[in-house]
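Show me the folded form of this:
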Amino acid sequence: MLFRRVLKHVNDQNWTAVFIDLVIVVIGVFMGIQVANWNEARLLRDTEAGHLRALENDIALSTESLESMLVELNKQQSARQRLYEINRDPDAAASPKEIDDLLQGALFNIQRIRVNQAGFDGLKGAGGYSVIGEPELIAELQALDALLTSAVSRQEEDFQITFLYTDPFLIEEANVDNLLMSGYVGQPGHMPWIERVEGAGVSNDVLRSRKLKNLVLYRAEIADGRIRSTQGLLEQYEKVQALIDVRQQTLGVPSK
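Numbering: from 1, shown residues only. All right, here's what the predicted structure looks like:
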């Protein structure tokens, strides 16, 4: 329709009308491009906002889990310190129940990292961090990923020491019945058919042995690294959350 009108104006040599028609065409094309760009930008914004909300959920759940784990890791370190003191001091007095609790916390119990990764996995599946429109946030997400990898590596080191050295020691030297009934870190009574053995879970000779002391110190050394890596993770989650809040304000979407 418009083409016919332009052609008629050209045939009539009505150059003013031709110019007006061309302006209308240009404006129409420009507006079409602008609308397409606006729709694409809105789609990108909505996509990014969805990923940011998913990341927020990951951070909230992971932070809660890591904070609980950090409390337990510190409780275990306190148990190791107390066992070390008893081991070094021949006059130290501890009840059988306290010794069992300390052994359970210091040597028997292990803590596993439990973080929520659904949002992070969804982001990677959507094409990686390029979905995020803020370079600083991308850099901190990558740093968080590296810290989590390091924390998992420290955890595996802790597990290896436990499985290779601590577990065989406890199986050979301790009454595990008492350790399983202990409430220092675990949940007492979860196997009600277990009966407590009279006295402490280990003999006095074992309690004062160099082997026990060395196991406690090995676990303490590894746990110190785990505590620091967990604290670093929590700080990094907090930093990422702050950047997500800023990015959401920039996008004009509500935060949690």
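
Any buried residues in stretch 137-157, and which?
When neighbours are counted by 16 or more other C-beta atoms under 10 Å, the buried residues of stretch 137-157 are found to be 137-138, 140-141, 144, 147-148, 151, 154-155. Every C-beta, even on glycine, is put in place using the N, C-alpha and C of the backbone.

TSV for those, including secondary structure and pLDDT?
Written out in TSV, the entries for those read as follows (DSSP: H, G, I helix; E, B strand; the rest coil; pLDDT from 0 to 100):
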residue	secondary structure	pLDDT
L137	helix	95
I138	helix	93
E140	helix	95
L141	helix	94
L144	helix	96
L147	helix	96
L148	helix	96
A151	helix	96
R154	helix	94
Q155	helix	96
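
Let me see the confidence value for the nearest residue to S182 once chain neighbours are set aside.
Here the nearest residue to S182 in space, its sequence neighbours aside, is Q104; by C-beta to C-beta, 6 or more residues apart in numbering that works out to 3.8 Å. On the pLDDT scale, Q104 is placed at 90.

For V246, see how far away Q104 is.
When distances are taken as C-beta to C-beta, to the nearest Å, Q104 and V246 turn out to be 45 Å apart.

that older thread, ok, of the buried residues of stretch 137-157, which one's closest to V115?
Distance to V115 across those (C-beta to C-beta) is lowest for L148, with 6.7 Å.

what comes up buried for stretch 219-235?
By neighbour count on 16+ other C-beta under 10 Å, the buried set for stretch 219-235 is 219-220, 222-223, 225-227, 229-230, 232-234.

Not counting its own residues, what contacts it?
By C-beta atoms under 8 Å, 6 or more residues apart in numbering, the list of residues contacting stretch 219-235 from outside reads 63, 66-67, 69-70, 73-74, 76-77, 80-81, 84, 106-107, 111, 113, 144, 147-148, 150-151, 154-155, 157-158, 161-162, 166.

Just the buried residues from these, in ChimeraX please.
Isolation of the buried members of the contacts of stretch 219-235 (16+ other C-beta under 10 Å) is achieved in ChimeraX through the command below:
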select :63,66,69,70,73,76,77,80,84,106,107,111,113,144,147,148,151,154,155,158,161,162,166
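
give me the element the residue lying closest to G105 once chain neighbours are set aside is part of.
In space, G105 comes closest to A79 once its chain neighbours are excluded; the distance is 3.5 Å by C-beta to C-beta, 6+ apart. The secondary structure element spanning A79 is helix 15-88 (assigned by DSSP states H and E).
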